[in-house]
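Trainee: my questions are about this predicted structure, shown below with the sequence.
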Amino acid sequence: MAAAAAAAASMYAACAAVHPCSPAIPFLLPKRRAAAAVTLGRVQSRNATHRVTCFSSGGDEVEKESYSSIDNSYWVATGEVDTFSKYSGYIAAAATSEAELIDEYDAQRIAAIYKRRPFLLLRRIIQIIFTLGRWLAFRYLDSLSGRSDAMFKERAGDLRAALVQLGPAFVKIAQAVSSRPDVIPPAYLDELALLQDRIAPFSTDIALDMIKNELGVPVDLIFSEITLQPVAAASLGQVYQARLRPNGQLVAVKVQRPGVRAAIALDIFILRILAGYVIKIGRFNTDLQAVVDEWATSLFREMDYLAESQNGVRFRKCFGKLSDVFIPEMFPELSSRRVLVMEWVEGKKLPEIKDLHLVEVGVYCSLTQLLDRGFYHADPHPGNLIRTYDGKLAYIDFGMMGEIKQNLRNGLIEACLHLINRDFEALAGDFVTLGFLPASSQMSDVSKALTGVFQNAVSKGVRNISFGDLSGNLGLTMYQFKFRIPSYFSLVIRSLAVLEGIALSVDPNYKVLSSSYPWIARRVLTDSSPQLQSTLRDVLFKDGSLQTDRLESLITEALRSTTGQLTGSEKTAENNAKLIVKKTLMFALSEEADYVRDLLLDELAKGIDALNRAIYDLAAATLYSNIPMPLPAPTTIMEDEDFENLNTLRRLSSLLSEKSEEVTNLDMMNKSSTNNNGIQDPDPLLKEVSFVFHHLNSISKLPPTLPAVFELPLPAQQRAVNLPLELVGRLASRAIARVIRRSIQI
């Protein structure tokens with residue numbers, strides 16, 4: 001508070017220094033009379049005026065037209081009142097001295113407060129049962145009378161009203177599903193969407209007093225003007241548009257709703273009691289009370305606006321430079337536990353404009369948050385995601401954030417990779433790493449069960465997998481093998497589920513996993529951590545042989561991960577062959593692809609070495625067959641390993657030449673492929689060598705790569721120049737190692 005007061009004073013002094021002879025800028029305030037609010041009309045256009053009352057420097061009231069771009073008269077037009085304070089305000093009144101002063105979630109402290117108030121607890125339980133029971137009773141009567149369809153929309157409004165009466169905890173639960181068009185009927189979806197920023201506000205007089213008390217200075221010392229009514233109101237607080245006095249910058253001022261801490265604390269206490277009974281009766285494997293505690297911890301953090309301001313500063317630093325993403329500036333020096341000041345953002349809610357590109361941007365940004373930085377937005381509901389008028393995706397709420405440790409981030413990436421590549425045995429191990437299964441679980445049985453659950457879903461291809469497909473019979477499997485939901489995962493699920501809901505509202509066929517896999521593929525191909533590099537090797541190699549189909553899938557998907565890396569002109573020309581070559585080279589010659597490039601150079605060296613040995617054997621066999629006199633059969637230098645390496649070279653050359661011919665299995669070309677004279681039959685070997693040269697010839701017909709190389713950054717050009725030298729060095733190392741091995745055997 002002292003810091004806020006000092007900051008406000010310094011701002012005021014700066015303003016006075018700029019305009020030393022001018023009077024104070026008029027401060028817009030509502031008239032202190034009940035009729036003032038009804039003078040506002042509903043604003044429909046992007047730019048509209050509304051009448052407010054302001055005070056001149058002498059304190060006289062002056063009417064003024066304020067030019068604004070917001071609709072702040074919704075509640076006046078609908079006549080809604082603050083039902084939370086009316087029906088649930090008694091909680092704060094009964095426990096203000098303790099519950100309202102709780103800064104951080106403490107289950108024991110909350111329990112101690114409300115155990116001493118059994119009548120308050122009983123009253124709240126009765127209120128919850130009566131409020132929700134009344135709605136359920138009306139729904140049941142509608143079904144008996146055959147009026148369910150006719151009353152459907154009205155009952156949706158009744159449910160919203162009931163949730164608002166019960167307070168923030170219930171509103172938060174409803175918000176989590178308000179963006180799921182695949183789960184919630186449209187009529188209910190429309191009503192629950194109003195819970196995001198259209199809850200009836202509390203009095204502006206109370207809000208202004210709270211700003212003054214929290215910041216410790218008069219409001220007009222900080223702001224030159226502020227809107228008469230809040231521009232948005234949600235479960236925890238309401239937002240005003242204001243203008244900073246020293247520089248005239250538009251800001252959003254969020255003020256916390258009185259009494260929310262006490263109400264949320266009591267509801268969480270009730271939920272913990274209920275969770276305990278559910279665990280005992282239902283024999284759940286998951287610690288439901290721990291899940292409630294995780295959610296409650298994040299909710300209490302969300303009620304600390306100073307912490308939210310600091311979260312916003314960190315979020316802006318981490319993700320503010322991502323392409324097509326906008327993170328507003330925060331003002332921690334003008335914020336407190338119950339008041340938040342941040343940069344004003346103009347735009348529309350993301351689902352309202354049906355912008356699939358920004359949905360993709362949101363998915364990309366969320367994956368970067370979850371799996372790269374480990375610091376993520378846990379509440380990306382439609383009210384918190386805005387499409388700015390310059391076409392960017394803006395995040396405007398940083399109260400509910402989550403953090404995830406590095407080993408768990410890697411575990412999530414590995415699980416996705418193993419799932420898509422149908423490695424269900426490794427997936428079972430991932431579930432242990434992530435905390436879903438105890439280490440004592442029978443992995444073979446779990447692997448078989450996961451195969452039965454996911455096989456059909458994965459068989460559709462990565463671009464057609466949906467979370468609905470994956471959840472098919474997973475519930476039964478989770479119960480059978482005592483799966484548990486780790487407490488940290490509840491916020492991750494919430495974040496992904498809300499984001500998928502927004503995507504489905506834009507495109508009903510949208511697949512979040514399909515959009516996520518390119519990011520995951522690029523990450524696993526470029527990550528320098530030993531854990532993910534080991535996972536990549538396990539995925540790409542089976543019994544020592546490179547699985548080129550998996551490599552092709554990973555590279556193809558990684559190149560599809562272009563959000564934030566291509567300019568607009570490049571996006572429109574993505575199918576251009578030259579651009580594809582350039583993108584491939586940029587990836588292959590980048591520093592982050594060192595590990596994959598090293599693996600491929602090894603495989604190419606092995607393949608070229610095998611090709612040289614195959615050519616030698618073919619030449620010797622041809623020469624031997626053309627000599628009329630009987631001579632000893634030439635010794636075959638090809639080994640079993642060489643056939644596998646030659647096979648890999650053919651697959652790689654086929655991949656590079658973009659051919660789709662079926663690859664012949666070379667296992668048949670072993671020692672049994674000999675003729676009656678005891679020498680290697682040249683026909684299969686000749687056929688294989690011909691295939692290799694055919695694909696290599698096809699590569700030469702691709703768009704010329706040399707000009708594209710010169711367009712790359714200098715470090716990439718240097719790596720391109722060094723590639724032939726590195727390849728020759730590896731070939732020489734193989735030849736020297738072979739000579740040494742044979743000399744030892746002799």
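Mentor: Thanks, I have it.
Trainee: number of residues surrounding Arg597?
Mentor: By other C-beta atoms under 10 Å, the residues close to Arg597 number 19. All C-beta atoms are positioned from the backbone trio N, CA, C, and that covers glycine.
Trainee: check Asp190 too.
Mentor: 15.
Trainee: now it: closest residue in space that isn't a chain neighbour?
Mentor: The spatially closest residue to Asp190, leaving aside those adjacent along the chain, is Ala156, at 7.3 Å (C-beta to C-beta, 6 or more residues apart in numbering).
Trainee: try Ile493
Mentor: Ile485 (8.0 Å).
Trainee: just checking, the one you found touches Phe431?
Mentor: No - if you go by C-beta atoms under 8 Å, Ile485 and Phe431 don't touch, sitting 11.3 Å apart.
Trainee: low-confidence ranges, the stretch 401-550 of the chain, go.
Mentor: The model of the stretch 401-550 of the chain has pLDDT under 70 over residues 456-457, 460-476, 479.
Trainee: in it, which spans are strands?
Mentor: Ranges of strands in the stretch 401-550 of the chain, per DSSP state E, counting those that start in this stretch, are 401-403, 541-542, 545-546.
Trainee: strand partners (parallel or antiparallel) of the second one?
Mentor: When pairs are called by DSSP bridges, strand 541-542 turns out to pair with strand 545-546 (antiparallel).
Trainee: which SSE is the residue located most distally from the centre of the chain in?
Mentor: Relative to the C-alpha centroid of the chain, counting by C-alpha atoms, centre = their mean, Met629 is the outermost residue, at 74.2 Å. If you go by DSSP states H and E, Met629 is not part of any helix or strand.
Trainee: how about it, phi and psi?
Mentor: phi -90, psi 150 (degrees, to the nearest 10).
Trainee: distance of it relative to Ala621?
Mentor: Going from Met629 to Ala621 by C-beta to C-beta, to the nearest Å gives 16 Å.
Trainee: how about Lys511?
Mentor: Following C-beta to C-beta, the distance that separates Lys511 from Ala621 is 53 Å.
Trainee: doesn't Leu731 belong to a strand?
Mentor: No - checked against DSSP: H, G, I helix; E, B strand; the rest coil, Leu731 lies outside a strand; its state is helix.
Trainee: now do the contacts for the nearest residue to it once chain neighbours are set aside.
Mentor: Nearest residue to Leu731, sequence neighbours excluded (C-beta to C-beta, 6+ apart): Ala605, at 5.3 Å. Going by C-beta atoms under 8 Å, 6 or more residues apart in numbering, Ala605 touches Leu727, Arg730, Leu731, Arg734.
Trainee: which of those residues are buried? Put it as a PyMOL command.
Mentor: A single PyMOL command selects the buried members of the contacts of Ala605 (16 or more other C-beta atoms under 10 Å):
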select buried, resi 730+731+734
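Trainee: of the contacts of Ala605, closest to Pro634?
Mentor: Arg734 (21.7 Å; C-beta to C-beta).
Trainee: so which strand or helix has the closest one?
Mentor: Going by DSSP H and E, Arg734 is in helix 714-745.
Trainee: elements contacting that helix?
Mentor: helix 577-588, helix 594-625, helix 706-710 (3 or more C-beta pairs under 8 Å, 6 or more residues apart in numbering; DSSP states H and E).
Trainee: what are the buried residues along that helix?
Mentor: For helix 714-745, by 16+ other C-beta under 10 Å, it's Ala716, Arg719, Ala720, Arg730, Leu731, Arg734.
Trainee: lowest-confidence entry in those residues?
Mentor: pLDDT is lowest at Ala716 among the buried residues of helix 714-745; the value there is 84.
Trainee: and the nearest residue to it once chain neighbours are set aside, what pLDDT?
Mentor: Spatial nearest neighbour of Ala716, excluding adjacent residues (C-beta to C-beta, 6+ apart): Leu589 at 4.0 Å. With respect to pLDDT, Leu589 has a value of 84.
Trainee: and Leu589, what are its phi and psi?
Mentor: phi -100, psi 10.
Trainee: could you measure from it over to Val709?
Mentor: 8 Å.
Trainee: next one: the helix holding Arg734 to chain centre, how far?
Mentor: 42 Å (C-alpha atoms, centre = their mean, to the nearest Å).
Trainee: next, Val341: secondary structure please.
Mentor: Strictly by three-state DSSP, Val341 counts as strand.
Trainee: quick check: beta-bridge partners of it?
Mentor: The residues that Val341 bridges to, once DSSP bridges is applied, are Val253.
Trainee: now the residue most central in space within the chain, nearest residue through space, not along the chain?
Mentor: Nearest to the geometric centre of the chain sits Ser366, at 2.4 Å (C-alpha atoms, centre = their mean). Distances taken as C-beta to C-beta, 6+ apart place Leu499 nearest to Ser366, at 5.6 Å, with adjacent residues excluded.
Trainee: report how many residues lie close to the one you found.
Mentor: Leu499, neighbours per other C-beta under 10 Å, totals 22.
Trainee: repeat for Lys172
Mentor: The local packing of Lys172 (other C-beta under 10 Å) involves 23 other residues.
Trainee: wait, it sits on Ser298?
Mentor: No - contact between Lys172 and Ser298 fails when scored by C-beta under 8 Å: they sit 9.8 Å apart.
Trainee: what's the separation between the residue nearest to Ala716 and Asp527?
Mentor: Distance from Leu589 to Asp527, by C-beta to C-beta: 17 Å.
Trainee: what's the burial count for the residue nearest to Ala716?
Mentor: 21.
Trainee: how near is it to Leu600?
Mentor: 12 Å.
Trainee: now swap in Phe481 and tell me
Mentor: Where Leu600 is concerned, Phe481 sits at a distance of 39 Å (C-beta to C-beta).
Trainee: over to Asp158?
Mentor: In terms of C-beta to C-beta, Asp158 sits 63 Å off from Leu600.
Trainee: now do the contacts for the nearest residue to Val709 once chain neighbours are set aside.
Mentor: Nearest non-adjacent residue to Val709, counting by C-beta to C-beta, 6+ apart: Ala720, 5.0 Å away. Contacts for Ala720 (C-beta under 8 Å, 6+ apart) come out as Leu585, Leu589, Val709, Leu712.
Trainee: related to what we said a few turns ago, and the helices and strands packed on helix 714-745 as JSON lines, adding distance to Gly544?
Mentor: What follows is the helices and strands packed on helix 714-745, written out as JSON lines (distance: least, C-beta to C-beta, whole Å):
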{"stretch": "helix 577-588", "distance to Gly544": "23"}
{"stretch": "helix 594-625", "distance to Gly544": "11"}
{"stretch": "helix 706-710", "distance to Gly544": "32"}
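Trainee: Leu141: which element?
Mentor: Short version, using DSSP H and E: Leu141 is in helix 118-144.
Trainee: please apply the same query to Val239.
Mentor: Going by DSSP H and E, Val239 is in strand 237-244.
Trainee: who does that strand pair up with?
Mentor: Assessed with DSSP bridges, strand 237-244 is paired to strand 223-226 (antiparallel), strand 232-233 (antiparallel), strand 250-256 (antiparallel).
Trainee: what angle sits between that strand and strand 339-343?
Mentor: 50 degrees (axes from the mean of the first three to the mean of the last three C-alpha atoms, to 10 degrees).
Trainee: pLDDT of strand 237-244, averaged?
Mentor: Along strand 237-244, the predicted local confidence has a mean pLDDT of 94.
Trainee: ok, now stretch 111-120?
Mentor: Across stretch 111-120, the average pLDDT comes to 91.
Trainee: what's the first-to-last distance across it?
Mentor: 13 Å (C-alpha to C-alpha, to the nearest Å).
Trainee: show me which residues of it are buried.
Mentor: Ile113, Tyr114, Arg117, Leu120.
Trainee: what's the most distant pair in those residues?
Mentor: Ile113 and Leu120 (9.5 Å).
Trainee: Arg373: what's it in contact with?
Mentor: Cys318, Phe319.
Trainee: quick one, what contacts Leu271?
Mentor: Going by C-beta under 8 Å, 6+ apart, Leu271 touches Ala169, Val292.
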